[in-house]
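**Q** mind folding the following:
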Amino acid sequence: MGTDTINPDHPEHYPRRILLAASGLSPQVVTETLFALALRAGNPYVPTEIHLITTADGASRARLMLLSDTPGWFHRLREDYALPAIHFDEKLIHVIAGPEGGALDDIRTAAENDFAADFITGVVRELTSDENCSVHVSLAGGRKTMGFYLGYALSLYGRAQDRLSHVLVSKPFESDPQFFYPSVKPRILITRDNQPVDARDAEITLAEIPFVRLRDGLPVPLLAGRARFTEVVAAAQKARGPVLLELDPAARSVRAGGETIPMPPSELAFYSWLANRRRSSLPPVPCPGVHESNQDYAQAFLAEYRSILGPMGDDDRTAKSFRHGMTKADFEQKASKLNARLRKALGVAAAPYLISSESSSPKRYGLAVPSEAISVVASLPRGTGGADSE
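**A** Numbering: from 1, shown residues only. I've put the predicted structure just below:
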């Protein structure tokens, strides 16, 4: 079964399944969450690998308590419940990096919180970049700020197949440093109240947490490259900002959704032509859309193009291609290129700025940006020369 046919409502069917958790001084969150996921009824989620985000001290505790030969609670859980092989070793323990790349011992100051936010965001972005995997994030461990950043990062980068949860452990086992999972055989623990209890009697409840997915609202560069937590949040907020379009012919760019987007002269001329049609038709007069080949359309586009190039610009090639007017293919090619450029720069925030259909019969195309939200912010260049670069 290819991943393109896997229903994201069933993350347990993905070939690569990741459990991602944060921990501080209590590495039990790993075994507790793994137990709850892998042994739940109905649709068990058995990870193929486990990733842990923690501090330097937390990493040491995880290695000693979970991955050692003794007590080796991770290995014991797998053996007790006959779980398949799960990749989890020291290389998958991600220690939060601080100044100059050194490991953080704890997260207490504002600066340390900033480092943690950026680090956690980077790990979530990397893991969710693989289309062949599903990621299950646990909020149960680590400092509260770590859980917040982990959940927020999943909201920014999470996909339909990704999940967020918290585990709840029954009393008196909750927060007991001796408890790691409900045992198969009798295992007697002594509580803080000096009472003997059997770990077999513990109950672990997995509470899935719904979250808002903002991934589609992020520009492509923030999905593919490195960015600070604050930068990603700002990009997501822009998708909810006011619609403003500024045409800058001198700089050969437009400003939309708070971003400056460079454009080749031919694309900018086409976009400016449609924007100016919209801008020149103030309410209550409707803006006429473009719906068919028309010599006037070609001439209007060429006028925009020549004004951007300036009097010394070479427009022979473009003028020749439009000598018989603007065809449907001409229009669709320009519109497709422009829309792709806008989506790459703005993500879902591009929607108000796209060239779209205004009606169905006959189809007319134009911009939906309110006429009062469109402005020209620079004078046109004169005598600058240049040629169209597609």
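
**Q** can you pull the contacts of residue 172?
**A** 191, 192, 193, 195, 197 (CB atoms under 8 Å, 6 or more residues apart in numbering). The C-beta positions use only the backbone N, C-alpha and C, and glycine is treated the same way.

**Q** mind checking which helix or strand it is in?
**A** Using DSSP states H and E, residue 172 sits within no helix or strand.

**Q** do a quick rundown of the strands in the stretch 151-300 of the chain.
**A** Remark: strands assigned in the stretch 151-300 of the chain by DSSP state E, counting those that start in this stretch are 163-169, 188-190, 196-198, 204-208, 245-248, 253-256, 259-262.

**Q** okay if I get those as JSON lines plus mean pLDDT and distance to residue 105?
**A** What follows is the strands of the stretch 151-300 of the chain, written out as JSON lines (pLDDT from 0 to 100; distance: least, CB to CB, whole Å):
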{"stretch": "strand 163-169", "mean pLDDT": "94", "distance to residue 105": "26"}
{"stretch": "strand 188-190", "mean pLDDT": "92", "distance to residue 105": "29"}
{"stretch": "strand 196-198", "mean pLDDT": "93", "distance to residue 105": "33"}
{"stretch": "strand 204-208", "mean pLDDT": "93", "distance to residue 105": "30"}
{"stretch": "strand 245-248", "mean pLDDT": "92", "distance to residue 105": "48"}
{"stretch": "strand 253-256", "mean pLDDT": "92", "distance to residue 105": "44"}
{"stretch": "strand 259-262", "mean pLDDT": "91", "distance to residue 105": "39"}
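
**Q** now those in CSV, with distance to residue 145?
**A** Compiled in CSV, the strands of the stretch 151-300 of the chain are given as follows (distance: least, CB to CB, whole Å):
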stretch, distance to residue 145
strand 163-169, 16
strand 188-190, 30
strand 196-198, 32
strand 204-208, 20
strand 245-248, 38
strand 253-256, 34
strand 259-262, 30
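
**Q** okay if I get the ones you listed as TSV plus mean neighbour count and distance to residue 17?
**A** Shown next, in TSV, are these (neighbours: other CB atoms under 10 Å; distance: least, CB to CB, whole Å):
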stretch	mean neighbour count	distance to residue 17
strand 163-169	19	10
strand 188-190	13	31
strand 196-198	13	31
strand 204-208	15	15
strand 245-248	20	43
strand 253-256	22	39
strand 259-262	16	36
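
**Q** so which of those gets nearest residue 130?
**A** strand 163-169 (15.5 Å; CB to CB).

**Q** can you map out the helices along the stretch 251-390 of the chain?
**A** Under the criterion DSSP state H, counting those that start in this stretch, helices of the stretch 251-390 of the chain are mapped to 265-279, 295-309, 316-321, 328-346.
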